[in-house]
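>>> Quick one, what's the 3D model for this:
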Amino acid sequence: MAKRGRKLKAKYEGIDRETTYPLADALGMVKERSTGGAFDQTIEISMNLGVDPRHADQLVRGVVALPHGTGKTVRVAVFARDDKAEEASEAGAEVVGAEDLMQEIQDGRLDFDRVIATPDMMAVVGRLGRILGPRGLMPNPKLGTVTRDVADAVRAAKAGQVNFRVEKAGIVHGGIGKASFSAEQLLDNATAFVDAIRRAKPSGAKGTYIRRVAVSSTHGPGVRVEPSALPEVETA
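Numbers count the residues shown, from 1 in each chain. Next up, the predicted model:
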């Protein structure tokens with residue numbers, strides 16, 4: 001434990017914990033301290049928002065397609081029948097089924113990262129709410145995971161689509177890539193994530209919306225980001 005503590009302390013060298021940095025600089029610090037290990041660490045962004053998610057008009061939830069993907073292999077389960085089940089399989093879904101898939105999940109099968117369903121299957125999927133809901137896996141039309149276009153939804157999930165949802169303390173976070181990504185790729189992904197959070201600002205949010213921001217890696221230090229200097233996605 002002491003050895004691990006010394007390693008983390010060494011990684012904090014050169015980082016002022018009381019200072020907030022531009023996003024690009026903060027990502028560079030995190031990336032520099034996360035490479036060369038036994039595995040490719042995930043880079044994550046965390047944002048503290050001025051919302052109280054206990055109120056329905058202050059929920060922040062949505063989905064963002066990261067321009068360079070997440071670097072993670074996403075396993076997808078799809079509830080569909082007949083031709084839609086075939087489309088899902090052809091698009092790359094690892095698990096496809098109907099009542100049989102429901103039974104597998106009830107028996108403990110949860111070896112997937114995203115669940116997609118056609119609208120007609122929601123009566124079946126709804127019986128799994130207590131299992132899928134707490135894990136953030138429940139299909140939702142607002143997130144594009146309840147759809148007739150299952151093939152497109154599967155491909156989008158595998159291409160780097162990230163779901164986000166604000167937690168009790170007003171914090172929202174998500175993986176934006178791997179330490180092996182270039183600095184430019186990480187900045188592009190982080191900027192897209194921040195832009196999605198901005199666009200998802202709820203009507204009930206009052207005062208400062210984005211209060212605190214930090215980036216970190218799986219086993220590395222967190223670096224604070226200056227919220228007022230966050231970049232914006234350029235639109236044509």
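
>>> Give me the mean pLDDT for the helix or strand containing Ile105.
For Ile105, the element it lies in under DSSP states H and E is helix 99-106. Across helix 99-106, the average pLDDT comes to 96.

>>> That one: which residues count as buried?
Residues Leu101, Met102, Ile105 are the ones in helix 99-106 that count as buried (16 or more other C-beta atoms under 10 Å). (C-beta placed from N, C-alpha, C; glycine too.)

>>> Relative to Val233, how far out is Arg198?
Applying C-beta to C-beta, to the nearest Å, the value for Arg198 to Val233 is 9 Å.

>>> Can you give me every residue that contacts Leu181?
Quick fix: residue 181 is Phe, not Leu. Lys31, Ile43, His68, Gly71, Asn189 (C-beta atoms under 8 Å, 6 or more residues apart in numbering).

>>> Where do the helices of this protein begin and end?
Secondary structure of the chain (DSSP state H): helices at 2-11, 23-32, 82-91, 99-106, 122-125, 129-132, 150-159, 183-199.

>>> Could you check the angle the last one makes with helix 23-32?
Using axes from the mean of the first three to the mean of the last three C-alpha atoms, to 10 degrees, the inter-axis angle of helix 183-199 relative to helix 23-32 is 130 degrees.

>>> Need the contact partners of helix 183-199.
23-24, 27-28, 31, 43, 45, 47, 49, 60, 62-68, 70, 162, 164, 172, 174, 176-177, 181, 209-210, 213, 215, 230-233.

>>> Repeat that for the third one.
Contacts made with helix 82-91 from outside it, assessed by C-beta under 8 Å, 6+ apart, are listed as 76, 78, 80, 96-98, 116, 118, 148, 150-152, 154-155.

>>> related to what we said a few turns ago, from the contacts of helix 183-199, list the buried ones, please.
23-24, 27-28, 31, 43, 45, 47, 49, 60, 62-64, 66, 68, 70, 162, 164, 172, 174, 176-177, 181, 209-210, 213, 215, 230.

>>> Filter those down to the ones in strands?
Counting by DSSP state E, the buried ones among the contacts of helix 183-199 place 43, 45, 47, 49, 62-64, 162, 164, 172, 174, 176-177, 210, 213, 215 in strands.

>>> Can you pull out the low-pLDDT segments for the protein?
Judged by pLDDT under 70, the chain has its weakly predicted residues at 1-14, 36-37, 234-236.

>>> Nearest spatial neighbour of Ile176, chain-adjacent residues omitted?
Leaving aside its sequence neighbours, Ile176 sits nearest to Asn189 (C-beta to C-beta, 6 or more residues apart in numbering; 4.2 Å).

>>> Just give me the neighbour total for the one you found.
28 (other C-beta atoms under 10 Å).

>>> cool, and the one 10 residues further on?
Here the number of neighbours of Arg199 (other C-beta under 10 Å) works out to 10.

>>> same question, Met121
For Met121, the neighbour count with other C-beta under 10 Å is 24.

>>> Next, the contact list for it, please.
Counted by C-beta under 8 Å, 6+ apart, Met121 has contacts Phe79, Ala80, Arg81, Ala98.

>>> Compute the distance between the last one and Arg135, please.
It refers to Ala98. 20 Å.

>>> Who has more neighbours out of those two?
Set side by side, Ala98 and Arg135 show more neighbours around Ala98, with 19 against 10, by other C-beta under 10 Å.

>>> The more buried one contacts Ala123, correct?
No: with contact defined as C-beta atoms under 8 Å, Ala98 does not count as touching Ala123 (10.5 Å).
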